[in-house]
Every structure is written in structure tokens, then in C-alpha cells.
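Participant: Pasted the sequence and its predicted model underneath.
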Amino acid sequence: MQVKLIGSLLVAFIAGGLLLVIINTSINHTHADNFLAGISAPPDRYLKAEVTVNNFRLIADLALTQNQQTKGLAVKNTMNESQGMLFVFEHPSLESFWMKDMKFPIDIIWIDANRSVVYIASQLKPCPAVGDCPAYVPTKESMYVLETKAGFSHRHDVKPGTQMNFHLLG
């Protein structure tokens with residue numbers, strides 16, 4: 001009788017744990033989707049989001065379309081501390097970035113679906129006009145990528161595990 005009770009409790013504990021994992025996965029996935037809900041990217045302009053990290057706020061252009069993501073920050077000549085570009089992807093993945101056609105150095109910050117920093121490449125210089133242009137690839141999947149002015153990560157104490165918050169501006 002005691003063995004059956006222990007066995008039943010073990011099954012209930014395992015089932016409860018699996019249910020918790022399923023619920024947690026669902027919440028995390030929904031959290032990422034909430035930012036995308038209702039977003040329709042106009043092809044002729046960038047939507048904007050407010051990004052908050054360690055009590056610092058910046059305004060980021062949203063790179064939502066394939067064309068916007070391909071061009072990235074190469075469309076800008078300069079950028080200040082309170083500006084950036086936030087790339088939003090449909091699914092978590094290992095997104096590669098390079099500095100082709102860039103005009104100034106930047107930091108690239110990869111962020112997962114829970115809006116937690118997973119990887120940072122900092123102080124990246126533009127590619128030379130002729131020659132190799134290295135690609136930067138994170139070690140973990142991300143759902144978002146934030147490009148900022150070079151040194152931003154250091155100045156604002158951004159490191160893996162740092163939580164980011166962002167919301168669409170009207």
C-alpha cells in the first residue's frame with residue numbers, strides 16, 4: 001500500500017513538473033509574442049520602440065521587414081546614446097550580423113524571448129571598403145537584437161542576464 005502511495009505521489013509530482021514546464025514555456029512564448037501583437041510594418045518607414053535597460057531609456061527604430069533588417073543601421077550616418085535599432089525576429093534563432101556599409105562603430109546585444117541579454121559584441125568597427133567583413137554570431141538563440149552606440153554595454157552595465165524592457169511607441 002505504501003509503495004502504491006509513493007508511486008502515485010511520484011507520478012503526480014512528475015506530471016505537475018511537466019505541466020509547470022509547459023505553462024512556463026507558454027508564458028515565455030506569449031511574452032515575446034505580446035510585443036509583436038498587432039504590429040504591421042510599414043514598408044516606407046520604421047516603427048519606434050522605447051527600450052529600457054538598467055533605468056536608461058533609448059528610442060529604437062524597429063527593423064521588422066527583411067529589407068529593414070538587411071540594411072540595419074547602415075541607413076544612418078551617426079547615432080547618439082539614446083538611439084538604437086531593435087531587430088525583431090519571428091522565432092528564436094542564432095542571427096548573424098556584420099558591419100558592411102556601416103559608418104560608425106556599435107555594440108550588438110542579442111536578447112532572448114524573455115528579454116534577457118544572452119550575448120554581446122561590443123566596440124565593433126565598420127568593415128573596410130575592401131577586404132574581409134567578419135560576421136558576429138551569438139552563442140545562444142535570441143528573439144531580438146539591439147544595436148547601440150559603441151560602448152553602450154559598458155557604460156550602462158549591460159551583460160548576459162541583464163533584463164531589457166521595450167514597448168511600441170504610438
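Facilitator: In hand now; what should we look at?
Participant: what's the closest non-adjacent residue to the spatially most central residue of the chain?
Facilitator: By C-alpha atoms, centre = their mean, the chain has its centre lying nearest to residue 144, at 2.2 Å. Leaving out its chain neighbours, the residue that sits closest to residue 144 by C-beta to C-beta, 6 or more residues apart in numbering is residue 111, at 4.2 Å. Yep, even glycine has a C-beta here, placed from its N, CA and C like the rest.
Participant: swap in residue 155?
Facilitator: residue 81 is the one closest to residue 155 (C-beta to C-beta, 6+ apart), at 7.7 Å.
Participant: Contact partners for that neighbour?
Facilitator: 58, 148-149, 152, 155 (C-beta atoms under 8 Å, 6 or more residues apart in numbering).
Participant: now that we have those, which one has the most neighbours?
Facilitator: Per-residue neighbour counts (other C-beta atoms under 10 Å) across those peak at residue 148, which has 28 neighbours.
Participant: Quick check: that one vs residue 64, distance?
Facilitator: From residue 148 across to residue 64, the span is 18 Å (C-beta to C-beta, to the nearest Å).
Participant: ok, back up a step: which one among the contacts of residue 81 gets closest to residue 170?
Facilitator: For the contacts of residue 81, the closest approach to residue 170 (C-beta to C-beta) belongs to residue 58, at 17.1 Å.
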